Structures are given as C-alpha cells and as structure tokens.
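>>> dropping a prediction and its sequence here:
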Amino acid sequence: SCFGSICTLPTTGIKKEQILDLLLADLFYAMALNLFYVGNKIAAGGFAGLATVINSFIPIPIGIAVFIMTIPLVIVAWKVKGAAYTLMALATTGVYSLIVDLLSFLPTVTDDKLVAVVCGGIFYGLGASMAIKAHMSSGGTDLLGKVLITKFRTHHLNKSNQTNGHKNHDILLRLSRSNN
C-alpha cells in the first residue's frame, strides 16, 4: 500500500525505498569487490573477505561462499529478529551474492594496491551508508551485529570502586538505541 510517496510491502512493513537502498548497497559492495579488491588479492572485511581468501585456494565463486556462510546466521536471526527482518536479510544476501558473481567478469580497475584500497573503501562506504539508511541488514557479519545488538541490547556490569570507598554500582551499558 502507498501513502504519498512512501510505499510498504504487504504484511512486512518494509518500504519499497528500503529495498531500493539495499539493492544499491549490494551493487556498491559488489563493485568494490570486483573492481578493486579481488583482482588485487585484497580481502574485504566480513564474510566477503573470508570468501575472497577461500576463493584464492578453492575455485568457489565468492558470492556463493558468502551465501553459504550466512545460512547459520539466518537461522539464529530468525529467532532473534523475527521472520520479516530475517527474510529480507536473506533476500539481500542472495541478491548480493548474485550481483558479486554476475559482475565477476569486470576487470580490476587499478593494480596500485593503495588506490584499490581507497577506492574500494569508498564504494564499500557508499554501500554501508545505503544499508544503514534502509535500517536493514545486508547480511553477513552485518546481520551478526544486528542479532547481537538485539539479543544483548543492555548488559549490566557490577563495578566495585574500593579505593574511593563507594559501594558497588550497577552501570547500565547501552549497546544500541535503535530497534534494529
């Protein structure tokens, strides 16, 4: 249903603009990998970096490796974040994996590793900003972070300060203010 320029998918509450943001995030991530990192043997962070390393030893496509590594997180996320959020993260991971593998034909833009790291970082940063804007997970270790924040939103620590003569104080440590 749509209200003005904001549309939501039926029963999920996910806005179409969130899906567009995640698709753009996936495209930026995939371009960073294929244009700058993989050809220079630079491992990005998270599952994509691990998949890049695995790919240098075993001829498994990077996107497929990322998708396979995400499956255990999806099972945990389903219990912690719920079905709608987790299905969206799984779909985004699937699209990301597909885009990474479909764009694997792209040539490496530069052989200068410093330029590759900086430019790849810019593309990765653009992708991350789009995923954050969507308030959704792009999968992989991002999903792990969202699950941990939700599961352990607050954590109590007991702090004893004997030198100042104070009694134990209960300190509330906020991990996140968002509901993501």
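The structure has been received and is ready for your questions.

>>> so the nearest residue to Pro61 once chain neighbours are set aside is in which element?
Excluding its sequence neighbours, the residue lying closest to Pro61 (Cβ to Cβ, 6 or more residues apart in numbering) is Asp101, at 4.6 Å. C-beta here means a position set from N, CA and C on the backbone, and glycine is covered the same way. Assigned by DSSP states H and E, Asp101 falls within helix 83-102.

>>> buried sites along the next helix-or-strand element following that helix?
Following helix 83-102 in sequence order, the next helix or strand is helix 113-133 (DSSP H and E). Within helix 113-133, the residues that count as buried by 16 or more other Cβ atoms under 10 Å are 116-117, 119-120, 123-124, 126-127, 130-131.

>>> how about the next helix or strand after helix 113-133: buried residues?
In the C-terminal direction, the helix or strand that comes right after helix 113-133 (DSSP H and E) is helix 140-151. By neighbour count on 16+ other Cβ under 10 Å, the buried set for helix 140-151 is 140-144, 146-147, 149-150.

>>> for the residue nearest the centre of the chain, which non-adjacent residue is spatially closest?
Nearest to the geometric centre of the chain sits Asp142, at 3.1 Å (Cα atoms, centre = their mean). Excluding the flanking residues, the one nearest Asp142 by Cβ to Cβ, 6+ apart is Ala131, at 6.6 Å.

>>> wait, what's in contact with the one you found?
21-22, 25, 137-138, 142 (Cβ atoms under 8 Å, 6 or more residues apart in numbering).

>>> tell me the pLDDT at it?
Ala131 carries a pLDDT value of 85.

>>> hmm, back to that, tell me the one of the buried residues of helix 113-133 nearest Lys16?
Met130 (14.3 Å; Cβ to Cβ).

>>> secondary structure element holding the closest residue to that closest one other than its chain neighbours?
Once flanking residues are discounted, Met130 sits nearest to Ala25: 3.7 Å by Cβ to Cβ, 6+ apart. Per DSSP H and E, Ala25 falls inside helix 16-31.

>>> what about Ala84, distance to Gly13?
7 Å (Cβ to Cβ, to the nearest Å).

>>> the two: who's more crowded?
More crowded of Ala84 and Gly13, by other Cβ atoms under 10 Å: Ala84, with 13 against 10.

>>> separation between that one and Phe47?
Distance of Ala84 to Phe47, computed by Cβ to Cβ: 22 Å.

>>> now swap in Phe67 and tell me
9 Å.
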